[in-house]
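> all I have is the shape, not the residue letters:
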């Protein structure tokens, strides 16, 4: 069953669809309660995040919104003109996100912000065309920040930077472009598509489809190859992890989840069990197009044994309002998938119904007019 969260036009005050039945409401309530009972023991989310108070935060790349969904069942637009693929809940309880393009989504502007549980947003990196390569969303439990410095267009440098709470930056691993395991200075990376951190600062990165681990002293090892596609995303003429379609998260057990937009699936890697496909986006559109058009995963949050998957369909805004997009699904430990919520517009659905009704009325009137045309004496119609 699905809980469809609907809003009227561009208003920020949202309401539940009246057709939401008791079972759907119970599903959403149980989901939120599960989230509220879990503390942040790992950076177990990307693009959709759940805090300790049972609040969900997620990006909306079609409308350029950032949403907040509270345990009371209210969906609230926190801010608009914020195109973001990357959003994560830090170990400090704050939400960190990117802003690509600013007010216009143009001009190469990018920024990084922090949002407190009280709703106060601060830009750690104000919107700029020349971002500091060391400022990014990924952080460990003591506040060290981690970022990728590299650009696939030139393929010169590819390194992992560590930025301390005191403002100092140094290279943790990597140097020139390439591929090699080993101690930090000798390790080599290609295009980093996604990154996540454990509390102690151990990092996992997706490097051109391969999952690699970076220890706290900078030693790099490849844990598995070919885990994901090479569809990373990004911005022209700008390196770093901005505007990436691919994401990663790690749970309290050290299991790594990769959101692979290109292959429309979420992969889990476990040091003991290996690689497992957790979820594949389906639907009629994917079936008809053999996976080339339809919903694709754009975010993941792990809460205990439950996995929450956010999906998006690259459609015009009006179409997204009609079908309910983005959507969040709950994947249970036994692999069952349940739709939890979708974002749609009451106003646009009414406009569509009224428009179709008007069109149908016009067709019926035209047919009736033709059927009652006067007949001439020779049997022909005028």
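The structure has been received and is ready for your questions. Since this is a predicted model, take the numbers as computed values, not measurements.
> for the helix or strand where residue 276 lies, name the packing helices and strands.
Taking DSSP states H and E as the definition, residue 276 sits inside strand 274-280. Helices and strands touching strand 274-280, by 3 or more CB pairs under 8 Å, 6 or more residues apart in numbering; DSSP states H and E, are strand 265-270, strand 306-312, strand 327-331. Placement of C-beta: from N, CA and C, glycine included.
> residue 45 pairs with what?
Per DSSP bridges, the residues bridged to residue 45 are residue 301.
> ugh, wrong one, residue 267
residue 258, residue 277.
> you'd agree it is up against residue 277?
Yes. The criterion here is CB atoms under 8 Å, and residue 267 meets it with residue 277 at 5.9 Å.
> looking at the two, which has the bigger crowd around it?
Each of residue 267 and residue 277 has its neighbours counted (other CB atoms under 10 Å); residue 267 has more, 22 against 11.
> now do the same contact list for the more buried one.
Neighbour list for residue 267: 227-228, 257-258, 260, 275-278 [criterion: CB atoms under 8 Å, 6 or more residues apart in numbering].
> now it: how far from residue 253?
Distance, residue 267 to residue 253, using CB to CB, to the nearest Å: 16 Å.
> one more: residue 304?
Residue 304 sits 10 Å away from residue 253, going by CB to CB.
> nearest to residue 83, out of the helices and strands packed on strand 274-280?
Of all the helices and strands packed on strand 274-280, strand 306-312 sits nearest to residue 83, with 12.4 Å by CB to CB.
> what about the strands in the stretch 151-300 of the chain?
Under the criterion DSSP state E, counting those that start in this stretch, the stretch 151-300 of the chain contains strands at 157-163, 169-176, 192-197, 203-207, 210-214, 220-224, 247-250, 256-260, 265-270, 274-280, 296-303.
> what lies in contact with the last one?
Applying CB under 8 Å, 6+ apart, the external contacts of strand 296-303 come out as 34-35, 38, 42, 44-50, 56, 58-59, 61, 85, 87, 245, 247, 249, 251, 257, 259-261, 264-266, 279, 281, 307-314, 326.
> cool, and the second one?
For strand 169-176, the surrounding residues in contact (CB under 8 Å, 6+ apart) are 134, 146, 156-163, 184-185, 187-189, 203, 214, 218-220.
> what about 6 Å?
Residues from elsewhere that reach strand 169-176 (CB atoms under 6 Å, 6 or more residues apart in numbering): 134, 158-163, 184, 187, 189, 214, 218, 220.
> would you format these as TSV with neighbour count and pLDDT included?
Putting the contacts of strand 169-176 into TSV (neighbours: other CB atoms under 10 Å; pLDDT from 0 to 100) gives the following:
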residue	neighbour count	pLDDT
134	20	94
158	26	97
159	22	97
160	25	98
161	21	98
162	22	97
163	22	96
184	20	94
187	24	97
189	27	98
214	25	98
218	20	97
220	25	98
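> any idea which of those residues is closest to residue 120?
Among the contacts of strand 169-176, residue 163 lies closest to residue 120 (CB to CB), at 21.7 Å.
> for the closest one, list each beta-bridge partner.
residue 145, residue 169.
> so who does it touch?
Residues in contact with residue 163 (CB under 6 Å, 6+ apart) are 134, 145, 169.
> near residue 166, how many other residues are there?
Using other CB under 10 Å, residue 166 is surrounded by 7 other residues.
> relative to residue 361, how far out is it?
For residue 166, the distance to residue 361 - CB to CB - is 70 Å.
> coming back round to it: and which of the contacts of residue 163 is nearest residue 121?
Residue 121 lies nearest to residue 145 out of these, by CB to CB, at 17.4 Å.
> count of residues packed around residue 98?
25.
> surely residue 354 is within a helix?
Yes. Counting by DSSP: H, G, I helix; E, B strand; the rest coil, residue 354 is part of a helix.
> number of residues surrounding it?
Neighbours around residue 354, by other CB under 10 Å: 10.
> helices of the chain, start to end?
22-36, 284-288, 317-323, 346-371 (DSSP state H).
> in TSV, list these along with distance to residue 121 and mean pLDDT.
Shown next, in TSV, are those (distance: least, CB to CB, whole Å; pLDDT from 0 to 100):
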stretch	distance to residue 121	mean pLDDT
helix 22-36	21	41
helix 284-288	35	85
helix 317-323	24	85
helix 346-371	28	80
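> so for residue 195, which of those helices sits nearest?
Minimum separation from residue 195 across these (CB to CB) falls at helix 22-36, 23.3 Å.
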